[in-house]
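Chemist: Provided below for reference: sequence and predicted model.
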Amino acid sequence: MGYKAIIWDLDGTLLDTLQDLADAVNHSLEAYSLPVKTKEEIRAIVGRGIRHLVENAVPTGTDPATTDAVFGEFCTYYAAHSADTTAPYAGIPAMLEKLSRAGVKMAIVSNKADFAVQDLVMRYFGEEITLAVGAREDIPKKPAPDMVEYALARLGVTKAETAYVGDSEVDVITARNTGMDCLPVAWGFRSEEILRAAGATTILR
């Protein structure tokens, strides 16, 4: 079917943010003399927000005060370095421009902290996507449906008219929890095997 709207995930879907996330994590770990992570280790734990990312990057058994300090260091560093190497995946800007010209409504819903979402969306997609929702205290994060339902209401479309596009098992589950069609992508942070294990049937390549 043709869709009137698309809800996009951000990291691993529209933007390749992995190196900047890894650099921010490892900077923050090193600041507290903790062992750093490989890029592939970081890849495996992104997708559920930066608090989850930090909590899973520090060694098991790290005391809460140190975890909080590492998290604070991450937020400060990432706010200044979120676009050092980050860039849209090949073909994404042209595709978004084409969809916008065709009248397709679009929004971004991401578990990334809202301050970073707003900055990156404005930097890279501000002309095509005006509605972006990042992680905030007042709304449950994905895979809960709340962020997506908020975006649907703001766009003025129904979930039946909208496709959800993401790159991780979190996105597949989010779409299921919202009752929407899901079109996960193969170029992001998770393998096709992980996406299919989460229930994906159609994968964009």
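Modeler: Looks like it arrived, so ask away.

Chemist: List the buried residues for the lengthiest strand in the chain?
Modeler: Among all segments of the chain classified by DSSP state E, the strand with the greatest residue count is strand 105-113. Residues of strand 105-113 classed as buried by neighbour count (16 or more other CB atoms under 10 Å): 105-113. All C-beta atoms are positioned from the backbone trio N, CA, C, and that covers glycine.

Chemist: Which two of those have the greatest separation?
Modeler: Comparing every pair within these by CB to CB identifies 105 and 113 as the most remote, at 24.5 Å.

Chemist: Would you state the strands of the chain in chain order?
Modeler: Counting by DSSP E, the chain forms strands over residues 5-8, 15-16, 87-88, 105-113, 131-135, 162-165, 181-182, given from the N-terminal end onward.

Chemist: Among the ones you listed, single out whichever gets nearest to residue 53.
Modeler: strand 105-113 (9.4 Å).

Chemist: between that closest one and strand 131-135, how big is the angle?
Modeler: When axes from the mean of the first three to the mean of the last three CA atoms, to 10 degrees is applied, the directions of strand 105-113 and strand 131-135 differ by 20 degrees.

Chemist: and strand 105-113, what does it pack onto?
Modeler: Using 3 or more CB pairs under 8 Å, 6 or more residues apart in numbering; DSSP states H and E as the contact definition, the elements that strand 105-113 packs against are strand 5-8, helix 50-57, helix 92-101, helix 114-125, strand 131-135, helix 146-155.

Chemist: Turn those into a markdown table, including distance to residue 187.
Modeler: Conversion of these to a markdown table gives the following (distance: least, CB to CB, whole Å):
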| stretch | distance to residue 187 |
| --- | --- |
| strand 5-8 | 13 |
| helix 50-57 | 21 |
| helix 92-101 | 10 |
| helix 114-125 | 16 |
| strand 131-135 | 21 |
| helix 146-155 | 21 |
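
Chemist: Give me the below-cutoff pLDDT ranges for this structure.
Modeler: Across the chain, the ranges flagged by pLDDT under 70 are 1.

Chemist: Which residue is most remote from the mean position of it?
Modeler: Of all residues in the chain, residue 33 has its C-alpha farthest from the mean position, at 28.1 Å, by CA atoms, centre = their mean.

Chemist: Distance check, that one against residue 69.
Modeler: Applying CB to CB, to the nearest Å, one obtains 11 Å for the distance of residue 33 from residue 69.

Chemist: What of residue 181?
Modeler: As it turns out, when the distance is counted by CB to CB, residue 181 lies 42 Å from residue 69.

Chemist: What of residue 93?
Modeler: Applying CB to CB, the value for residue 93 to residue 69 is 38 Å.

Chemist: Equivalent analysis for residue 6, please.
Modeler: Residue 6 is 39 Å from residue 69, where distance means CB to CB.
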